[in-house]
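Participant: how does the following fold in three dimensions:
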Amino acid sequence: MTAGYYDPISSPQIELDRQSHISRPSPPLQQSSGFSQSSAASTPYIGSDPSQPFIHKTEHSNRQSTIIPHKAGSRKQFWNILLKGLARWVLTVALCVAYVFAIGVWRFKGTVTEPSKRTFNALTTGISIALGLNIATALKDYAMIARWPIMNNRKRNLNELDLTLKADSLTAMAKLAFISGRPMVFIAAIAWLVFNIATQVAVAGVSLTYGFDTSTESYLFSSGTVKVPDMTFFYSQGNSSQPDPEMEQYTAQVLGSRGWQSAEGSPIRRMPRARAVFPRTQNWSSSEYWNIWEDQPNKSMTYVFPEFSAAARNDSSILGIYTDRTISIHYSCNSHKVISNGNGSDYDNPVVQDIGEVYMEDFSTYATTYITNNTNPCAASGQDRCFVVQAFEASDTDPWYYLCNITMGATINDPHNVSFISDRMARTAVGAIAQMGFSWDLQQTTYYPNKTQLGAPLHGNATNMGRKIAAYGLSTISGAATFNPTITYSGMEPHTGFKLTIGHRYLFVLSLFLIPIVQCTMCFIIAFWANRVYIHDDAYLSMSLLLRPIADDLYSVSKNHENSAFRSAKKRMMVRYDLGQDGRWGFARSGH
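Facilitator: Alright, predicted model coming up:
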């Protein structure tokens, strides 16, 4: 049988007898040069049977019409290919947008519960699966379109043709790579396999760029038992019984000194909002436990009370928050030049400008001495929460005397009085820098060498002296809140939640940006490349008509048996998808 082109529509070889018995036709006789086709003896047309009007019309139509829906190289076929590809691309873009939207919503939510976390995981898993399936389907569509220009590129045997027609199957492409024996086919097939796998890895890899961690920025809340520090007294560490006044004063001074060393004064605008996370560590020297916030223009400092979950935890951390309960301390100081006996070495009291001689029970050279009188001047004016603190800054050359009024306000936003500070405790706090618990007849004094922070000379700066005394006094409150025993009350108990974090932000954005870009680019490349040939319909009947000449040739060799002759013919017969001289596309055959 000579090489030629077979038209399955205009030369049917179907015989039907009166009993509708179908017999296998003999292969058509073709005499062609190039792709020309000559008529062969055909069976009598069965349309003469009036009992078969539908078949008659179909056969007649097939004989008379050779209309092709989209011609090769036509704009109609180009747009048909492109729009089908872009429909998949639009779905990819929609899924990528949905992915980004879901991430954005859960990032905006902040701390979420376990059910919310599961909802997110289910949603993004669904989006990821849909995105992967859509891209895989799009790649299969591209492969099914690209097989036609590939089969037009050169002749190939029927084994290669069979696998190329199944271009949407990665298994078929893997087989094609190893049976073709041609390096370029091997490289192209393997590259296609790798590209398909890489796209799925890229889609799956997006989910590795983010994840949920235990939130350290905020907590969830529910009604429960809450622990707060017992602010009734300045308890000595490890002791929950009512202390003596002298012991309470000593404890307050120790706490103030420790807080002065550990605290960080921050501007009032940085004061944490209610329910902000309190430090989870139990490192008591951490500055967060002692922090105070300063409003320097108004000469005040504020401390924010914490509260903690009463639930037992497996680790050593604590679960606490800042509350809206705060307490503030206010200061007002005047400074006066010492004009006599200012070096601290004389037994005579210093003489202060505009005041005169100032009585002091005790003072020291090269030091700053802080003094409180046992008779509190504030009490005479009805101010039960203040103390007048004096400071003598001894120096051979520049001695100064300071007179400061330090007042502690009441706790605000405390309807249950769980952070109540009594007047007695407030007076102990504001005078703590001078009170060691052991007094002379009329005064209590404490001095600090001038090479220490508390004793460093200020050279008459009254504001800084007030800040120093106020910070010391408020540090006694923060210290008591840290070390005092705790009590419980019914409130909103904090619980840990989960926060969505994007560990590889750039990889996440890059992946969801490149996926639609690459797909869109492939849409146009496939459309331009494939449009140079006619893209045949994938319907089974249409494909059977296209492949019928090849099937007839194989039938003539093996009589429908897959024997050695059949396998030999598949290797020997060479075909190429091409345009025939009659203007129709089909498979040109040779070597059979």
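
Participant: drop to CA atoms for contacts and neighbour counts, all remaining ones
Facilitator: Will do.

Participant: so where's the stretch 101-250 of the chain shaky on pLDDT?
Facilitator: Where the stretch 101-250 of the chain drops to pLDDT under 70, the residues are 238.

Participant: list the contacts for the residue sitting nearest the centre point of the chain?
Facilitator: Closest residue to the average C-alpha location of the chain: Ile502 at 2.9 Å, with Cα atoms, centre = their mean. Ile502 is in contact with Thr209, Tyr210, Gly211, counting by Cα atoms under 8 Å, 6 or more residues apart in numbering.

Participant: what would the residues you listed look like in JSON lines with neighbour count?
Facilitator: Below are those laid out as JSON lines (neighbours: other Cα atoms under 10 Å):
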{"residue": "Thr209", "neighbour count": "17"}
{"residue": "Tyr210", "neighbour count": "16"}
{"residue": "Gly211", "neighbour count": "14"}
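
Participant: and which of those is nearest Lys166?
Facilitator: Here the nearest of those to Lys166, counting by Cα to Cα, is Thr209; it sits at 35.4 Å.

Participant: got phi/psi on the closest one?
Facilitator: Torsion angles at Thr209 (phi, psi; degrees, to the nearest 10) stand at phi -90, psi -10.

Participant: for Met360, grab the count of nearby residues.
Facilitator: Neighbourhood size, Met360 [other Cα atoms under 10 Å]: 21.

Participant: and what of Ala311?
Facilitator: For Ala311, the number of neighbouring residues by other Cα under 10 Å comes to 15.

Participant: next one, pLDDT for it please.
Facilitator: We have a pLDDT of 80 for Ala311.

Participant: spatially nearest residue to it (excluding sequence neighbours)?
Facilitator: Of all residues beyond its chain neighbours, the one nearest Ala311 is Thr225 (7.8 Å), with distances taken as Cα to Cα, 6 or more residues apart in numbering.

Participant: mind checking the SS state of the one you found?
Facilitator: Under DSSP: H, G, I helix; E, B strand; the rest coil, Thr225 falls in the strand class.

Participant: all helices of this protein, in order?
Facilitator: Secondary structure of the chain (DSSP state H): helices at 53-64, 75-109, 114-153, 158-165, 170-179, 183-206, 245-262, 377-380, 423-430, 462-483, 505-530, 540-558, 564-572.

Participant: quick one, which of the ones you listed is nearest to Phe221?
Facilitator: Closest among those, using Cα to Cα: helix 114-153, at 13.5 Å.

Participant: who does that closest one touch, helix- and strand-wise?
Facilitator: With contacts defined as 3 or more Cα pairs under 8 Å, 6 or more residues apart in numbering; DSSP states H and E, helix 114-153 has these neighbours: helix 75-109, helix 158-165, helix 183-206, helix 505-530, strand 574-579.

Participant: any buried residues in stretch 555-564, and which?
Facilitator: For stretch 555-564, a neighbour-count test (16 or more other Cα atoms under 10 Å) marks Tyr555, Val557 as buried.

Participant: still on that earlier bit, may I see the contacts of Ile502 organised as a markdown table, with distance to Asn450 added?
Facilitator: As requested, the contacts of Ile502 are exported to a markdown table (distance: Cα to Cα, whole Å):
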| residue | distance to Asn450 |
| --- | --- |
| Thr209 | 56 |
| Tyr210 | 55 |
| Gly211 | 54 |
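
Participant: surely Gly211 is in contact with Arg505?
Facilitator: No. Assessed by Cα atoms under 8 Å, Gly211 is found out of contact with Arg505, at 11.4 Å.

Participant: still on that earlier bit, so how far is Met522 from the residue nearest to the centre of the chain?
Facilitator: 30 Å (Cα to Cα, to the nearest Å).

Participant: and Ser241, by the same measure?
Facilitator: Between Ser241 and Met522 the computed distance is 80 Å (Cα to Cα).

Participant: between those two, which one's more packed in?
Facilitator: Per other Cα under 10 Å, whichever of Ser241 and Met522 has more neighbours is Met522, with 19 against 10.

Participant: for the chain, give me the ranges with low pLDDT.
Facilitator: Using pLDDT under 70, the flagged stretches of the chain are 1-73, 238, 262-264, 280-289, 312-317, 379-380, 439-441, 591-592.

Participant: how is it partitioned into domains?
Facilitator: Domain assignment for the chain, taken from automatic domain parsing, gives 80-212+501-536, 221-496.

Participant: please identify the deepest-packed of those domains.
Facilitator: Of all the domains of the chain, domain 221-496 has the most neighbours on average by mean count of other Cα atoms under 10 Å, namely a mean of 19.

Participant: Thr225 versus Glu493, what's the distance?
Facilitator: From Glu493 across to Thr225, the span is 6 Å (Cα to Cα).

Participant: go on, Pro516?
Facilitator: According to Cα to Cα, Pro516 and Thr225 sit 52 Å apart.

Participant: so Asp384 touches Val430, yeah?
Facilitator: No. Between Asp384 and Val430 there is no contact under Cα under 8 Å: 11.4 Å.

Participant: and stretch 556-576, C-alpha only, in PDB?
Facilitator: Taking C-alpha atoms only, stretch 556-576 is exported to PDB below (Å, rounded to 0.1, in the frame of the first residue of the first chain):
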ATOM      1  CA  SER A 556      -5.000  -5.200   7.000                       C
ATOM      2  CA  VAL A 557      -1.800  -6.400   8.600                       C
ATOM      3  CA  SER A 558      -3.000  -8.200  11.700                       C
ATOM      4  CA  LYS A 559      -6.700  -8.800  11.200                       C
ATOM      5  CA  ASN A 560      -7.400  -7.200  14.600                       C
ATOM      6  CA  HIS A 561      -4.900  -9.300  16.500                       C
ATOM      7  CA  GLU A 562      -2.000  -7.700  18.500                       C
ATOM      8  CA  ASN A 563       0.600 -10.100  17.100                       C
ATOM      9  CA  SER A 564       4.200  -9.600  16.000                       C
ATOM     10  CA  ALA A 565       3.100  -8.200  12.700                       C
ATOM     11  CA  PHE A 566       0.900  -5.700  14.400                       C
ATOM     12  CA  ARG A 567       3.800  -4.600  16.700                       C
ATOM     13  CA  SER A 568       6.200  -4.500  13.700                       C
ATOM     14  CA  ALA A 569       3.800  -2.300  11.700                       C
ATOM     15  CA  LYS A 570       3.500   0.100  14.600                       C
ATOM     16  CA  LYS A 571       7.200   0.600  14.600                       C
ATOM     17  CA  ARG A 572       7.600   0.600  10.800                       C
ATOM     18  CA  MET A 573       4.700   2.900   9.800                       C
ATOM     19  CA  MET A 574       5.600   6.600  10.000                       C
ATOM     20  CA  VAL A 575       2.900   9.300  10.200                       C
ATOM     21  CA  ARG A 576       2.800  13.000  10.300                       C
END
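
Participant: roughly how far is it from the heart of the chain?
Facilitator: 59 Å (Cα atoms, centre = their mean, to the nearest Å).

Participant: returning to what we had before: partner residues bridging the residue nearest to the centre of the chain?
Facilitator: In this entry, Ile502 is beta-bridged to Tyr210, by DSSP bridges.

Participant: how far is stretch 158-173 from where the chain is centred?
Facilitator: The chain centroid and the centroid of stretch 158-173 are separated by 42 Å under Cα atoms, centre = their mean.

Participant: equivalent analysis for stretch 81-94, please.
Facilitator: Counting by Cα atoms, centre = their mean, stretch 81-94 comes out at 28 Å from the chain centroid.

Participant: try stretch 239-248
Facilitator: Relative to the centre of its chain, stretch 239-248 is centred 51 Å away, using Cα atoms, centre = their mean.

Participant: thinking again about what came up before, reformat the helices and strands packed on helix 114-153 as JSON lines; add distance to Leu541.
Facilitator: Listed next are these as JSON lines, based on distance: least, Cα to Cα, whole Å:
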{"stretch": "helix 75-109", "distance to Leu541": "21"}
{"stretch": "helix 158-165", "distance to Leu541": "15"}
{"stretch": "helix 183-206", "distance to Leu541": "28"}
{"stretch": "helix 505-530", "distance to Leu541": "22"}
{"stretch": "strand 574-579", "distance to Leu541": "18"}
